[in-house]
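**Student:** coords please:
(one chain, ligands or ions: 1)
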Amino acid sequence: MISTDFGDVIAERMRAEHRTLATRWFERLLELLPVEARAVFPSDSLLDHIPALILEISAYLRNPEDEAIVANTAILAKARELGALRHSQRASLHQVLREYQVLGGILVTFVLEEMERLGAMPPASESVVVVSRLNQAVNVLSQATVETFVTLYMQTIAEQKERLEEFTRIAAHEWRQPLGALQFAVRLMRHPDLDRTHADRTWAAVERNVQHLVDLTQKLEAIARMHGSGDNAVVQKVSVTAIVQEVARQMREMADARGVEIRIAEDLPTLIVDVGRHELLLVNLLSNAVKYSDQAKTERYAAVSRADAPEGGCQIAVSDNGVGIPAHALTVIFHRFTRAHVDREDLSHIAGIGLGLAIADDCVRALGGRIDVRSVEGEGTTFLVTLPNAPQRV
Ligand code: ADP
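**Tutor:** Take a look at the predicted model:
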């Protein structure tokens, strides 16, 4: 039997079935994305947003006031939160719109199924009203999501522009110093009275400064590559062990020269992640663990191990028993061109430009995570990488 108000019947059925409908939506999402719902909605409260939206749409079907859903701040706030979440996960605008399109499709299919289940046809005008109200509700919610998504996207672009300008300024400044030293050395070389000792010293300065410029250029290239890869990043299922082994292979010679053993835990997770950025992150952390090893210790190590994040994400620790970082420098070492041991004579031979950790920080942010450091001078350092959202544990 069809009720006189078809909208009420559907609204009631949708309310009863809102969790089943949310599951259908997740399943369709799975077909569109190479991740599980848990990876997109990392907490129970966010996972619960979808059934809540459906519940609200069902209430809207019943409510005769057209403006009801637009004025429902609680549900619009949830839709906006979804926009912020999908932005933090670097989803594309196309993807977000598609997700709502899928939701709309599922709800309309549900209406058709219900009509069949009831075994009678409502008047055409009533079914048109129900479907158009459904579409309107989905549109209002998707608009709220997209608005937040786009606002954050614009903010990110503005921040990136600002960072790029600052970076260009600092990079030019960093180039000037070794270039100035080289210019000076070239002038000295031309000097007719230059004796052997001074010539040797000048050549050593040339070598040092050229090496510095080579390192600087390599790091700048790494940064440009990282920012350039943007949305075209290769996201795939990969074992962190495989990435670490590859990084350790690249670093073998340097580690052997400093007598550092690279230890790789056997239980590192498998993630769906941007492989290039993950590798760049580990290259920078592991090479520091090797570079800043403590030559006064008989046993020296750099280790990569796994820890579980309290929020359900995963943590990877890169630790060493090296020279450690002075406490006063811990808050600034992630800034570009910052070095923590410049005033230590015994460590002045360690080459570096202070970009590695800034790159590592950029990588972790791009992966949607966070990096923390703990260090005790003379004992060692641990960098803890937390990847809370996008990566999927499999
Ligand atoms: P770079 O190594 O080129 O100087 P980074 O940005 O990689 O630049 O590191 C910044 C500074 O942080 C380093 O100069 C060093 O003083 C300190 N640092 C980084 N990693 C470690 C570590 N594992 N142990 C001790 N000090 C470290």
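**Student:** low-confidence ranges, the protein, go.
**Tutor:** Low-confidence regions of the chain, defined by pLDDT under 70, span residues 1-4, 33-46, 64-70, 227-234, 308, 311-312, 388-394.
**Student:** contact residues of it facing the ligand?
**Tutor:** By Cβ under 6 Å from any ligand atom, the part of the chain that sits against the ligand consists of 284, 288-289, 292, 320, 322-325, 333, 338-341, 352-358, 381. No exception for glycine: its C-beta is placed from N, CA and C like everyone else's.
**Student:** for residue 317, which three-state class applies?
**Tutor:** Look at residue 317: counting by DSSP: H, G, I helix; E, B strand; the rest coil, its state is strand.
**Student:** which ones are touching it?
**Tutor:** When contacts are counted by Cβ atoms under 8 Å, 6 or more residues apart in numbering, residue 317 touches 303-307, 382-385.
**Student:** show me what it is bridged to.
**Tutor:** Taking DSSP bridges as the rule, residue 317 bridges to residue 305, residue 384.
**Student:** state the distance from it to the ligand.
**Tutor:** As defined by Cβ to the nearest ligand atom, to the nearest Å, residue 317 lies at a distance of 12 Å from the ligand.
**Student:** residue 200 - how many residues pack around it?
**Tutor:** A count of neighbours around residue 200, defined by other Cβ atoms under 10 Å, yields 10.
**Student:** check the one 3 residues further on too.
**Tutor:** Residue crowding around residue 203 was assessed by other Cβ under 10 Å; the count is 12.
**Student:** pick out the residue of the stretch 51-200 of the chain closest to the ligand.
**Tutor:** Using Cβ to the nearest ligand atom, the point where the stretch 51-200 of the chain gets nearest to the ligand is residue 174, with a distance of 11.3 Å.
**Student:** make sure that residue is actually in contact with residue 219.
**Tutor:** No: applying Cβ atoms under 8 Å, one finds residue 174 not in contact with residue 219, separated by 9.8 Å.
**Student:** any residues in contact with both of these two?
**Tutor:** Both residue 174 and residue 219 are contacted by residue 353, under the criterion Cβ under 8 Å, 6+ apart.
**Student:** against residue 282, how distant is the residue positioned nearest the centre of the chain?
**Tutor:** With distances taken as Cα atoms, centre = their mean, residue 367 lies nearest the centre of the chain, 1.9 Å away. Remark: distance between residue 367 and residue 282 (Cβ to Cβ, to the nearest Å) = 12 Å.
**Student:** again, but for residue 198
**Tutor:** Counting by Cβ to Cβ, the separation of residue 198 from residue 282 is 43 Å.
**Student:** swap in residue 344?
**Tutor:** Summarising the geometry, the distance separating residue 344 from residue 282, computed by Cβ to Cβ, is 26 Å.
**Student:** between these two, which has more neighbouring residues?
**Tutor:** Neighbours per residue (other Cβ under 10 Å) separate residue 344 from residue 282, with residue 282 holding more: 24 against 11.
**Student:** the more buried one: what's it in contact with?
**Tutor:** Contacts of residue 282 were listed using Cβ under 8 Å, 6+ apart, and they are 243-244, 247, 304, 318.
**Student:** cool, residue 304 as well?
**Tutor:** Counting by Cβ under 8 Å, 6+ apart, residue 304 makes contact with 240, 244, 262-265, 268, 282, 286, 316-318.
**Student:** restricted to strands, list these.
**Tutor:** Here DSSP state E is the test, and those give 262-264, 316-318 as lying in strands.
**Student:** which among those count as buried?
**Tutor:** 262, 264, 316-318 (16 or more other Cβ atoms under 10 Å).
**Student:** tell me the one of the residues you listed nearest residue 17?
**Tutor:** Using Cβ to Cβ, residue 316 is the member of these that sits closest to residue 17, with 41.0 Å.
**Student:** wait, the closest one sits on residue 267?
**Tutor:** No: between residue 316 and residue 267 there is no contact, the gap being 11.0 Å when judged by Cβ under 8 Å.
**Student:** need the residues touching each of those two.
**Tutor:** Common neighbours of residue 316 and residue 267, counting by Cβ under 8 Å, 6+ apart, are residue 306.
**Student:** ranges for the helices of the stretch 251-394 of the chain?
**Tutor:** Residue ranges of the helices in the stretch 251-394 of the chain, as given by DSSP state H, counting those that start in this stretch, are 275-291, 356-366.
**Student:** just those: most buried one?
**Tutor:** The highest mean neighbour count among the helices of the stretch 251-394 of the chain belongs to helix 275-291 (a mean of 23), with neighbours defined as mean count of other Cβ atoms under 10 Å.
**Student:** what angle do it and helix 356-366 make?
**Tutor:** Note on geometry: by axes from the mean of the first three to the mean of the last three Cα atoms, to 10 degrees, helix 275-291 and helix 356-366 are set 150 degrees apart in direction.
**Student:** which residues does residue 202 contact?
**Tutor:** Residues near residue 202 by Cβ under 8 Å, 6+ apart: 185, 188-189, 194.
**Student:** burial measure for residue 135, as a count.
**Tutor:** The number of residues packed around residue 135, counting by other Cβ under 10 Å, is 13.
**Student:** so which helix or strand takes in it?
**Tutor:** Taking DSSP states H and E as the definition, one finds residue 135 inside helix 124-189.
**Student:** how about whatever helix or strand comes next after that helix: buried residues?
**Tutor:** Following helix 124-189 in sequence order, the next helix or strand is helix 196-229 (DSSP H and E). In terms of neighbour count (16+ other Cβ under 10 Å), helix 196-229 has its buried residues at 202, 205-206, 209, 212-213, 215-216, 219-220, 222-223, 226.
**Student:** dump the residues you listed to TSV, plus distance to residue 372.
**Tutor:** Supplementary listing: the buried residues of helix 196-229 in TSV, determined by distance: Cβ to Cβ, whole Å:
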residue	distance to residue 372
202	44
205	38
206	40
209	35
212	29
213	32
215	26
216	27
219	22
220	26
222	22
223	22
226	20
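**Student:** which two of these have the greatest separation?
**Tutor:** Across these, the two lying at the largest distance from each other (Cβ to Cβ) are 202 and 226, at 36.4 Å.
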